[in-house]
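Participant: Let's see this in three dimensions:
(one chain, ligands or ions: 1)
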Amino acid sequence: MTIYSGPVFDMAAKQFSVIADYLEIPIDQRDRLLLPKRAVTVACPIRRDDGTIAVFEGYRVQHHLTLGPTKGGTRFAPNVDLGEVSALAVWMSWKCAVTGLPYGGAKGGIRVDTKTLSRRELEVLSRRYMQELIPFVGPHIDVMAPDMGTDEQVMAWFMDTYSMHQGRTVTEIVTGKPVSAGGTLGRREATGRGVAHLARRVMKDLAIKEAGATAVVQGFGNVGSIAALELYNAGVKITAVSDHTGALHRKGGLDVPSLIAHTAQRGSLVGYSNELALDPNEILTQPCDVLVPAAVEQVIDAKVADLLQCRVLAEGANGPTTPDADLILQRRKDEIFVIPDIICNAGGVVVSYFEWVQDLAQLFWGEDEVVRRQYQILDHAFDVMVARARRDNVYNRTAAMATGVERVRAAKNTRGLFP
Ligand code: NAD
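Facilitator: The predicted structure follows:
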């Protein structure tokens, strides 16, 4: 039991203990690898449009400082808590390490339903959150990025707030900014693009032809909509999509560009079509070649894992699959190829890293360069995972996480234990 204990952190801890057993890490070295180095809780007061004052709880967790600054997204959602943010920070560490980035993992967030805020309230809350965290972040300390409920605009407000405090423009304090404010080309699309790229690689390996293949996407935000669009553009039929308002299904394939235009205008899938409606509880178990969970964590539990009818599970979301489901997916590994989250959705942090590098150097790359380098890193991490999974006859998640954990452990061992 730790201050982080809760369903999501317990899941990250359980996954870690599987890896620690596989790597034969001595018991006394495990907490040093798992427990977050720093966790900050802040109260963010804002004046609401009606003149009253409301206070929102915010968090920032920095998992380890061994390889460089920490890096991670900021989530604005009603159920954000310290345990969830800590688990996401831990996963970010393994993700950065498995892709060879010079970062530890971090994550932050505010417990808020953004749908209840006006645009002005969202801006003041974003700015106040960054203001409260100024003593704990910095371009060489901790660099934020978007996650669920936050976007480019929120990153621009974070950057502006930090810069006002410093008295100069500090674009490298956050990533996922608009290109007009020091962002990089290809960041908005990076995560979904990486998910689709790796899914297509696996399809090719499994000899699944793209033309006529099918995909189902849960979550139609930044990650889900771009992954769907990339697959759609490759000729894959997107037969079902969902968001927090409901799900849509069309056997012959949905018109993804028009769904994207609809969500851009209406904020969600609601009102797109009554005829195509599907029970959202059935989305994950639809028959398809590629299943992309791109919403929230823990949606694939043991029961769902048993019922999955996909050939490729491309994890766009962080932590969509519970450890109990993993046991089933390990058993079904000849039927379903799992691309684990820490590699599948790593395109986001990889291009965030490029954005940070470009901001520090003040030298900007073209989009082709960004995408080429992104795929090079993802492909390498994927190859290392597949080779290890084959060599040791282990599950893909075990192989991927073990590589990440091993890198962090090696850095800690080489640096030694201070003092
Ligand atoms: P987003 O806020 O842009 O979109 C989230 C989507 O999920 C929305 O369509 C929302 O309606 C939907 N959703 C929420 N709860 C749902 C539910 N219970 N069932 C179905 N749909 C639901 O967020 P995003 O940036 O696309 O992030 C999605 C996931 O991808 C998260 O797990 C996030 O941690 C992960 N991720 C994001 C990035 C990134 O660069 N944005 C990078 C790596 C991982």
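Participant: ok, Pro323 touching Val18?
Facilitator: Yes - the criterion here is CB atoms under 8 Å, and Pro323 meets it with Val18 at 7.2 Å. Where you see a C-beta, it was placed from the backbone N, CA and C, and this is true even at glycine.
Participant: Just list the residues touching the closest residue to the ligand within the chain, thanks.
Facilitator: Distances between the chain and the ligand by CB to the nearest ligand atom are smallest at Gly221, namely 1.7 Å. The neighbours of Gly221, taking CB atoms under 8 Å, 6 or more residues apart in numbering as the test, are 148, 243, 294-295.
Participant: Between which two of these is the distance greatest?
Facilitator: Greatest spatial distance among the contacts of Gly221 (CB to CB): Met148 and Asp243, at 11.5 Å.
Participant: who in this structure is up against the ligand?
Facilitator: Contact residues (CB under 6 Å from any ligand atom) of the chain with the ligand: 146-149, 191, 218-224, 242-244, 268, 294-296, 316-318, 345, 348.
Participant: Sort out for me which of the residues you listed are in helices.
Facilitator: Assigned to helices by DSSP state H, the following of the residues of the chain next to the ligand qualify: 191, 222-224, 348.
Participant: Let me see the mean pLDDT of stretch 156-171.
Facilitator: For stretch 156-171, the mean per-residue pLDDT is 98.
Participant: Show me the contact partners of it.
Facilitator: With contacts defined as CB under 8 Å, 6+ apart, stretch 156-171 is touched by 74, 123, 126-127, 129-131, 134, 137, 139, 144, 173-174, 177-178, 181-182, 359.
Participant: The stretch 151-300 of the chain: strands as residue ranges?
Facilitator: Secondary structure of the stretch 151-300 of the chain (DSSP state E, counting those that start in this stretch): strands at 214-218, 237-243, 246-249, 277-278, 290-293.
Participant: a markdown table please, covering these and showing distance to His197.
Facilitator: Below are those laid out as a markdown table (distance: least, CB to CB, whole Å):
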| stretch | distance to His197 |
| --- | --- |
| strand 214-218 | 13 |
| strand 237-243 | 16 |
| strand 246-249 | 25 |
| strand 277-278 | 27 |
| strand 290-293 | 12 |
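Participant: so which strand or helix has Val371?
Facilitator: Val371 belongs to helix 367-392 when assigned by DSSP states H and E.
Participant: Of all the residues in the helix or strand following that helix, which ones are buried?
Facilitator: Following helix 367-392 in sequence order, the next helix or strand is helix 396-415 (DSSP H and E). Neighbour-count burial for helix 396-415, counted by 16 or more other CB atoms under 10 Å, picks out 396-409, 411-412.
Participant: Ok, stretch 23-40 next?
Facilitator: Using 16+ other CB under 10 Å as the test for burial, stretch 23-40 gives 25, 30, 33-36, 38-40.
Participant: out of the residues you listed, who's nearest Arg331?
Facilitator: Using CB to CB, Ile25 comes nearest to Arg331 of the buried residues of stretch 23-40, at 25.3 Å.
Participant: just to confirm, which helix or strand has that closest one in it?
Facilitator: Following DSSP H and E, one finds Ile25 outside all helices and strands.
Participant: Hmm, it is touching Leu33, no?
Facilitator: Yes - here Ile25 lies in contact with Leu33, judged by CB under 8 Å, at a distance of 7.2 Å.
Participant: intersection of neighbour lists for these two?
Facilitator: With CB under 8 Å, 6+ apart as the test, Ile25 and Leu33 both reach 405, 409.
Participant: on that earlier part again, ok, of the contacts of stretch 156-171, which come out buried?
Facilitator: Burial by neighbour count, 16+ other CB under 10 Å: within these this picks out 74, 123, 126-127, 129-131, 137, 139, 144, 173-174, 177, 181-182, 359.
Participant: For Ile336, state which of those is nearest.
Facilitator: Among these, and counting by CB to CB, the member closest to Ile336 is Thr74, at 32.1 Å.
Participant: Assign the closest one to helix, strand or coil.
Facilitator: Three-state assignment for Thr74 (DSSP: H, G, I helix; E, B strand; the rest coil): strand.
Participant: Against Ala190, how distant is it?
Facilitator: 16 Å (CB to CB, to the nearest Å).
Participant: go on, His140?
Facilitator: Distance from His140 to Ala190, counting by CB to CB: 22 Å.
Participant: Could you check which of the two is surrounded by more residues?
Facilitator: Ala190 (30 against 9; other CB atoms under 10 Å).
Participant: What's the local residue count around the residue nearest to the more buried one when sequence neighbours are not counted?
Facilitator: Nearest residue to Ala190 in three dimensions, chain neighbours excluded: Val351, at 3.6 Å (CB to CB, 6 or more residues apart in numbering). Using other CB under 10 Å, Val351 is surrounded by 29 other residues.
Participant: same thing with Val61?
Facilitator: Around Val61 there are 30 other residues, counting by other CB under 10 Å.
Participant: Would you verify that it is located in a helix?
Facilitator: No - with three-state DSSP as the criterion, Val61 is strand rather than part of a helix.
Participant: Can you give me the buried ones in stretch 373-390?
Facilitator: Buried residues in stretch 373-390 (16+ other CB under 10 Å): 373-375, 377-378, 381-382, 384-386, 388-389.
Participant: which residues are in contact with it?
Facilitator: 98-100, 186, 190, 193-194, 197-198, 201, 339-340, 343, 346-347, 350-351, 354, 365, 394-396, 398-400, 402-403.
Participant: same question for it, mean pLDDT?
Facilitator: 98.
Participant: all helices for the protein, in order.
Facilitator: Using DSSP H, the helices assigned to the chain run over residues 7-22, 30-34, 82-98, 119-133, 152-166, 187-205, 222-233, 256-266, 302-307, 323-331, 341-344, 347-361, 367-392, 396-415.
Participant: Run the chain-centre distance for the second one.
Facilitator: The one in question is helix 30-34. Its chain's C-alpha centre and that of helix 30-34 lie 22 Å apart, by CA atoms, centre = their mean, to the nearest Å.
Participant: And for the shortest one?
Facilitator: Taking the mean of its C-alpha atoms, helix 341-344 sits 8 Å from the chain's own mean (CA atoms, centre = their mean).
Participant: How about the fifth one?
Facilitator: Distance, stretch centre to chain centre, for helix 152-166: 22 Å (CA atoms, centre = their mean).
Participant: residues of that helix that come out buried?
Facilitator: Counting neighbours by 16+ other CB under 10 Å, helix 152-166 gives 152-163 as buried.
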